[in-house]
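# this one's structure only:
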């Protein structure tokens with residue numbers, strides 16, 4: 001990944017189980033935020049899809065595709081930088097499949 005500190009469209013996010021940073025869209029539950037997530041295949045704990053990395057059996061946090069705005073690879077350790085980047089605040093790109101609320 002040549003530009004690790006750049007937000008990217010969710011359509012290009014890796015679906016191999018690797019952990020990535022995602023911007024969760026603002027909603028009635030709160031403002032936009034950054035979370036650590038990964039793509040999971042369906043298993044006894046939930047359906048195939050995006051899960052928060054702090055999910056555990058019996059407490060799976062799943063994200064529907066429209067809830068996630070963009071992604072970025074995990075940054076390398078840098079002690080002079082904050083722990084998480086700010087959520088992407090740029091112009092929203094319409095969803096390709098028309099799903100969402």
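Received, thanks. Note that the structure is predicted; figures quoted are calculated from it, not measured.

# what is the neighbour count of residue 68?
Around residue 68 sit 19 other residues, with neighbours defined as other Cβ atoms under 10 Å. No exception for glycine: its C-beta is placed from N, CA and C like everyone else's.

# same check, this time on residue 16
7.

# OK, contacts around it?
Taking Cβ atoms under 8 Å, 6 or more residues apart in numbering as the contact definition, residue 16 lies against residue 39.

# model confidence for residue 1, exactly?
Reading off the confidence values, residue 1 has pLDDT 40.

# what's the closest non-adjacent residue to residue 50?
Excluding the flanking residues, the one nearest residue 50 by Cβ to Cβ, 6 or more residues apart in numbering is residue 63, at 4.2 Å.

# quick check: the gap between that neighbour and residue 14.
15 Å (Cβ to Cβ, to the nearest Å).

# pLDDT weak spots in this structure?
Judged by pLDDT under 70, the chain has its weakly predicted residues at 1-4, 77-84, 93-101.

# can you pull out the strands in it?
Residue ranges of the strands in the chain, as given by DSSP state E, are 8-9, 20-24, 33-40, 49-52, 62-63, 68-73.

# with distance to residue 85 added, can I get those strands in CSV?
Formatted as CSV, the entries for these read as follows, by distance: least, Cβ to Cβ, whole Å:
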stretch, distance to residue 85
strand 8-9, 13
strand 20-24, 7
strand 33-40, 6
strand 49-52, 17
strand 62-63, 18
strand 68-73, 7
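
# good, we can wrap up now.
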